[in-house]
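Student: Pasted the sequence and its predicted model underneath.
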Amino acid sequence: MEIFLATVVIAAVIFFGALISLGNERQRKAIDDLREQAMLWAVQDLRIKREELAHNVHVDDPLSWLNGIVTKVINYNLNLQVVDALDEPRALICTSRDGMKIAFSPLSRMEIQRVNGEKRSKLSQFAASNPLLDLPRKVKVYEFSVLNSGILFDLELRLAWIGLTGQEIGQMDRLWMYVINID
């Protein structure tokens with residue numbers, strides 16, 4: 001009789017454990033579905049807001065806009081001044097009030113290394129004038145995108161880049177800042 005009672009209790013515990021596990025799994029799936037729906041709603045809401053704002057995008061003072069974006073991302077106002085705009089590879093060379101030489105480019109470090117490796121002989125004549133082709137290994141690199149620079153960053157970036165460099169570019173959704181040296 002004791003063995004029968006112990007077996008029934010063990011079976012009941014296993015049965016209720018299985019029921020609880022099934023209930024928890026159903027709840028987890030429901031919460032995941034709810035989370036996914038909330039994310040889709042947020043993305044759609046951002047798309048709607050972005051579409052409304054995209055028609056009125058303009059950058060009156062590109063240098064001030066660039067200073068604002070840099071200050072927002074690195075939490076320090078560099079007070080940038082434009083020095084030069086280079087074509088191959090595309091770069092905007094600036095100096096800061098602290099004497100730092102800074103390059104902005106639509107190319108990531110990996111893309112610059114690839115371009116540098118593929119066309120070294122053709123680009124060697126530009127190496128002295130384009131600091132991106134001679135970046136030090138431990139250069140500080142900051143990436144600017146919609147995630148850290150604002151919902152309309154890619155649209156404003158295109159306008160600011162044209163205003164600062166005079167170069168027409170295609171769709172650009174990221175910008176990299178390379179802190180080249182400190183004088």
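Tutor: Cool, the structure landed. Numbering: from 1, shown residues only.

Student: Give the helix, strand or coil label for the closest residue in space to residue 148 that isn't next to it in sequence.
Tutor: For residue 148, the nearest residue in space outside its immediate sequence neighbours is residue 73; the separation is 5.4 Å by Cβ to Cβ, 6 or more residues apart in numbering. C-beta coordinates here come from the backbone N, C-alpha and C atoms, glycine included. Following DSSP: H, G, I helix; E, B strand; the rest coil, residue 73 is assigned to helix.

Student: Does residue 73 touch residue 153 like I think?
Tutor: No - assessed by Cβ atoms under 8 Å, residue 73 is found out of contact with residue 153, at 10.4 Å.

Student: Neighbour count for those two, which is higher?
Tutor: Remark: of residue 73 and residue 153, residue 153 carries more neighbours, 20 against 15, as counted by other Cβ atoms under 10 Å.

Student: Quick check, that one in contact with residue 159.
Tutor: No - at 11.0 Å, residue 153 does not count as touching residue 159 under the criterion of Cβ under 8 Å.

Student: Burial check on residue 54, number of neighbours?
Tutor: Close neighbours of residue 54, defined as other Cβ under 10 Å, add up to 13.

Student: buried stuff in stretch 168-183?
Tutor: By neighbour count with 16 or more other Cβ atoms under 10 Å, stretch 168-183 contains the buried residues 174-180.

Student: residues in contact with the residue nearest to residue 148?
Tutor: 142, 144, 148-149 (Cβ atoms under 8 Å, 6 or more residues apart in numbering).

Student: now do residue 158
Tutor: 169, 171-172.

Student: Output those residues as TSV; include the columns secondary structure and pLDDT.
Tutor: Below are these laid out as TSV (DSSP: H, G, I helix; E, B strand; the rest coil; pLDDT from 0 to 100):
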residue	secondary structure	pLDDT
169	coil	77
171	coil	78
172	coil	82
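
Student: now those residues in JSON lines, with distance to residue 137?
Tutor: Formatted as JSON lines, those follow (distance: Cβ to Cβ, whole Å):
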{"residue": "169", "distance to residue 137": "28"}
{"residue": "171", "distance to residue 137": "30"}
{"residue": "172", "distance to residue 137": "26"}
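
Student: out of all of them, which strand in this structure is the longest?
Tutor: The longest strand of the chain (DSSP state E) is strand 175-182.

Student: Would you point out the helix or strand in the protein whose mean pLDDT is lowest?
Tutor: helix 120-123 (a mean of 51; mean pLDDT, DSSP states H and E).
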